[in-house]
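S.K.: Let's see this in three dimensions:
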Amino acid sequence: MKKLFFIFLLATVTINAQDGKHEKIKALKTAYITEKLALTSSEAEKFWPVYNRYEEKFHDLRKKEKSEIFQKLRNGLDNLNETEANNLIDKSLSLESEELELRKQMITELRNVISPKKIIILKKAEDDFKRELLDRYRQSKGEKGSKGPK
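M.R.: Numbers count the residues shown, from 1 in each chain. Got it, this is the predicted structure:
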């Protein structure tokens with residue numbers, strides 16, 4: 001029953017993705033992770049402030065990556081010289097290093113809040129949530145494409 005409820009919510013978010021999609025996805029992710037981790041109220045009280053703080057940092061890092069790397073790639077690879085290509089590679093590696101460092105810091109803090117097993121479950125839950133969200137997005141795009149423009 002919980003799974004059906006989650007799927008319904010996920011489908012609703014996908015359909016209404018134009019309006020406040022980030023906040024809706026965040027709420028779904030929170031519900032999904034809470035269910036998968038089976039957090040006690042005591043754990044949840046300590047877990048969510050830590051997790052949300054790092055999620056915001058990860059979000060900022062992804063925005064930075066989008067603006068500094070993906071935007072340049074969209075402008076065309078044909079116009080990219082070797083120096084610019086090397087700079088993009090270095091920037092990408094730097095952002096990946098920052099992300100890894102943030103993940104290490106988050107895990108260090110979470111070890112004081114939840115068990116190591118739940119930390120591993122968290123990683124799987126995050127990956128599963130992303131996969132499910134992407135599948136729903138693809139399904140909604142496929143359905144819209146088959147019906148023609150609205």
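
S.K.: Look through the chain and tell me its longest helix.
M.R.: In the chain, assigned by DSSP state H, the helix with the most residues is helix 116-147.

S.K.: Distance check, the residue lying closest to residue 68 once chain neighbours are set aside against residue 81.
M.R.: Ranked by C-beta to C-beta, 6 or more residues apart in numbering and with sequence neighbours excluded, the top spatial neighbour of residue 68 is residue 91, at 5.8 Å. (Each C-beta comes from the backbone N, C-alpha and C, glycine too.) Per C-beta to C-beta, to the nearest Å, residue 91 is found 15 Å from residue 81.

S.K.: Of those two, give the one with the bigger neighbour count.
M.R.: residue 91 (15 against 8; other C-beta atoms under 10 Å).

S.K.: surely that one meets residue 71?
M.R.: No. Using C-beta atoms under 8 Å, residue 91 is not in contact with residue 71, being 11.6 Å away.

S.K.: Can you give me the pLDDT of residue 11?
M.R.: Listed pLDDT for residue 11 reads 46.

S.K.: ditto for residue 79
M.R.: Residue 79 carries a pLDDT value of 78.

S.K.: Over to residue 50?
M.R.: 97.
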